[in-house]
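Asks: The following block contains a protein sequence and its predicted model.
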Amino acid sequence: MSADPARLANRSIKESSIKALSIVRPSGSRIAAGEKILEVRRWPAGLAPSEDLLIVENGRFLHAEGDEDADGIAVAIVRVKAVRPFVHADVQAACASYFEEGWLAWELSDVRPLDGAMPVRAARGIYEVDFAWDV
């Protein structure tokens, strides 16, 4: 399928540094598709509700401090509108397989899926990357 020439002519590219979060496959794609509306972590996001966050999907868990995966793919830009305790009723919205006390639910909003497979490094925590995307 070819790109719509009118859309290409009218598009605007934004290039800047953006905060990113790596998420193991297939959860990043589920966020981009609107199926996963909560991300569950043990730590708060520390982001303003108006701040963009790039979702980077990668193929393996990053366990050790400084661990990275060069094979990450940017799949969406989202915002974290709220962070609250994860409760049992959140399991489906988080596409989780089980519930455990003590976790936090990040409520995702303004989900903007990204077209194409744009390679971006995956790293632990929230990290900065230089990135260009259509606005």
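Replies: On my side now, so go ahead. Numbers count the residues shown, from 1 in each chain.

Asks: Which strands and helices lie in contact with whichever strand or helix holds residue 111?
Replies: Take DSSP states H and E as the rule and residue 111 turns out to sit in strand 104-119. Judged by 3 or more C-beta pairs under 8 Å, 6 or more residues apart in numbering; DSSP states H and E, strand 104-119 is in contact with helix 27-32, strand 38-41, strand 73-85, strand 126-134. For glycine as for every other residue, the C-beta is placed from the backbone atoms N, C-alpha and C.

Asks: Need the contact partners of that strand.
Replies: 31-34, 36-45, 49, 70-87, 90, 94, 131, 133-134 (C-beta atoms under 8 Å, 6 or more residues apart in numbering).

Asks: Residue 61 and residue 85, how far apart?
Replies: Residue 61 sits 23 Å away from residue 85, going by C-beta to C-beta, to the nearest Å.

Asks: now swap in residue 62 and tell me
Replies: 24 Å.

Asks: re earlier: from the contacts of strand 104-119, which would you call buried?
Replies: 31-32, 36-40, 45, 72-80, 83, 86, 90, 94, 131, 133 (16 or more other C-beta atoms under 10 Å).

Asks: Would you mind measuring from the residue nearest the centre of the chain to residue 105?
Replies: The residue lying closest to the centre of the chain (C-alpha atoms, centre = their mean) is residue 55, at 2.2 Å. The spacing between residue 55 and residue 105, counted by C-beta to C-beta, is 16 Å.

Asks: do residue 121 as well
Replies: For residue 121, the distance to residue 105 - C-beta to C-beta - is 26 Å.

Asks: And for residue 68?
Replies: Applying C-beta to C-beta, the value for residue 68 to residue 105 is 26 Å.

Asks: And the two? Which one has more around it.
Replies: residue 105 (21 against 15; other C-beta atoms under 10 Å).
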